[in-house]
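Participant: Fold the following.
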Amino acid sequence: MKTFLAHINKAFDHRIRLAIMSVLMVNDSADFNPLKDLLGVPDGNLESHTRALEAEEYITIEKSFVGRKTNTSYKVT
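Facilitator: Numbering: from 1, shown residues only. The predicted structure is shown next:
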């Protein structure tokens, strides 16, 4: 089992990143707050994990305004 895990892509070596990708693979996109609530993680954790996935070009992050509030949306590349 350890040899199998030695070959896992480092971008997916954390359960939160795997969960983010799982959600995005079955949905066109996901917004920050619903994704945060679904995964049960704090704002900072979600932010850092999505940035890591964006750096590896697995997802894109789009920021926009809905009314006067900012909205962050994630999509698989």
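
Participant: hang on, E54 in a strand?
Facilitator: No. Assignment of E54 by DSSP: H, G, I helix; E, B strand; the rest coil gives helix, placing it outside any strand.

Participant: Now for the closest residue in space to it that isn't next to it in sequence: which residues touch it?
Facilitator: Distances taken as CB to CB, 6 or more residues apart in numbering put I61 closest to E54, at 5.3 Å, once the chain neighbours are dropped. Where C-beta positions appear, they are placed from N, C-alpha and C, glycine not excepted. Contact partners of I61, counting by CB atoms under 8 Å, 6 or more residues apart in numbering, are T50, R51, E54, T72, S73, Y74.

Participant: Just the buried ones among those residues, please.
Facilitator: Burial by neighbour count, 16 or more other CB atoms under 10 Å: within the contacts of I61 this picks out T50, T72, Y74.

Participant: Whichever helix or strand the first one is part of packs against which elements?
Facilitator: Applying DSSP states H and E as the criterion places T50 in helix 43-55. Of the remaining helices and strands, those touching helix 43-55 by 3 or more CB pairs under 8 Å, 6 or more residues apart in numbering; DSSP states H and E are helix 15-26, helix 32-39, strand 59-66.

Participant: Looking at these, which is nearest to L46?
Facilitator: helix 32-39 (5.0 Å; CB to CB).
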